[in-house]
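Q: need a structure here:
(2 chains)
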Amino acid sequence: NAGVTQTPKFHILKIGQSMTLQCTQDMNHNYMYWYRQDPGMGLKLIYYSVGAGITDKGEVPNGYNVSRSTTEDFPLRLELAAPSQTSVYFCASSLGQGRAKNIQYFGAGTRLSVL
Amino acid sequence: GNSVTQMEGPVTLSEEAFLTINCTYTATGYPSLFWYVQYPGEGLQLLLKATKADDKGSNKGFEATYRKETTSFHLEKGSVQVSDSAVYFCALSGNNNDMRFGAGTRLTVKP
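A: Sure, this is the predicted structure:
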């Protein structure tokens, strides 16, 4: 079972460069999420999507963009990278809303350094 | 808004010791509560959940009871093992499906 797959696992980016973090899930989940995890902190929601073609901002969306053209894929784009975006990024998915569907499944993460 | 506060770490225990990690929450309505575990180099995995007051979630010897009167969801295990060393996150999911995580508690179990 692949579940949620993120690539790359590690990346070093220079200030001002752009890149896309890839996320794909094979569980046919409607909901997908992007979080960042800073040292000693919990996860902060960047963006989420409730289905193909629908995205919305989370707590910390500035400096990021997302798209959701298919149910499976939810890439996260960093434009003009800044050192403050150095973090570990996690993609997650869930079946939907409600008590039976709101368990989130996580990828292994992308560790990003902006230097 | 909704939020979760959990016990600061790190926590270091000897094998077979009793574990408690405290978690309290603030929420409107009737949230679902979760404990997730993150092993080194991996993403978060669901450990257990509870969806209504007085529910007890349990898995792998871990337990947590949804206490609405004290707005708490403390994680317990009677006898920890070295393999339980990980970071534990308390989380809640509100009516609009937004998930809020605590800061995480790092547990190290020594042989």
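
Q: near chain B at all, stretch A:67-76?
A: No. Taking CB under 8 Å from any CB of the partner chain as the criterion, stretch A:67-76 and chain B are apart, separated by no less than 14.6 Å. Using the backbone N, CA and C atoms, a C-beta is placed for each residue, glycine as well.

Q: Now do that stretch: distance from first to last residue.
A: Criterion CA to CA, to the nearest Å; first-to-last residue distance in stretch A:67-76 is 7 Å.

Q: now stretch A:63-73
A: 20 Å.

Q: if you average pLDDT over it, what comes out?
A: For stretch A:63-73, the mean per-residue pLDDT is 96.

Q: Identify the residues contacting that stretch?
A: The contact list for stretch A:63-73 (CB atoms under 8 Å, 6 or more residues apart in numbering or on different chains) reads A:22-26, A:28-30, A:32, A:34, A:46-47, A:49, A:51-55, A:74-82, A:84-85.

Q: Give me the buried entries from the residues you listed.
A: Buried residues within the contacts of stretch A:63-73, counting neighbours by 16 or more other CB atoms under 10 Å in any protein chain shown: A:23-25, A:29-30, A:32, A:34, A:46-47, A:49, A:52, A:55, A:74-76, A:78, A:81, A:85.

Q: circling back: among the contacts of stretch A:63-73, which are located in helices?
A: Using DSSP state H, no member of the contacts of stretch A:63-73 falls in helices.

Q: Secondary structure element holding the residue nearest to B:K60 when sequence neighbours are not counted?
A: Of all residues not flanking B:K60 in the chain, B:L47 sits nearest, at 7.2 Å (CB to CB, 6 or more residues apart in numbering or on different chains). According to DSSP states H and E, B:L47 maps onto strand B:44-50.

Q: which is the next helix or strand following that strand?
A: According to DSSP H and E, the helix or strand after strand B:44-50 is strand B:56-59.

Q: Pairing partners for that next one, with directions?
A: In the sheet containing strand B:56-59, its partner strands are strand B:62-65 (antiparallel), by DSSP bridges.

Q: Residues contacting the strand it pairs with, please?
A: B:23, B:33, B:35, B:47-48, B:50, B:54-58, B:73-77.

Q: For chain A, list the residues in contact with chain B, please.
A: Taking CB under 8 Å from any CB as the contact definition, chain A meets chain B at A:4, A:31, A:33, A:40-43, A:45, A:58, A:90, A:92, A:94, A:96-99, A:102-109.

Q: which of these count as buried?
A: Using 16+ other CB under 10 Å, the buried ones in the residues of chain A next to chain B are A:4, A:31, A:33, A:42-43, A:45, A:58, A:90, A:92, A:94, A:102-109.

Q: where along the chain do the strands fall?
A: Let's take chain A. Secondary structure of chain A (DSSP state E): strands located at A:4-7, A:10-13, A:19-25, A:31-37, A:43-51, A:54-57, A:64-66, A:76-78, A:87-94, A:105-106, A:110-114.

Q: my bad, chain B
A: Counting by DSSP E, chain B has strands at residues B:3-6, B:11-14, B:19-21, B:23-26, B:32-38, B:44-50, B:56-59, B:62-65, B:75-77, B:86-93, B:99-101, B:105-110.

Q: could I get these as CSV with distance to A:G16 and mean pLDDT?
A: Below are those laid out as CSV (distance: least, CB to CB, whole Å; pLDDT from 0 to 100):
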stretch, distance to A:G16, mean pLDDT
strand B:3-6, 35, 92
strand B:11-14, 41, 97
strand B:19-21, 41, 97
strand B:23-26, 39, 96
strand B:32-38, 31, 95
strand B:44-50, 31, 94
strand B:56-59, 45, 96
strand B:62-65, 45, 98
strand B:75-77, 43, 98
strand B:86-93, 32, 94
strand B:99-101, 31, 88
strand B:105-110, 34, 96
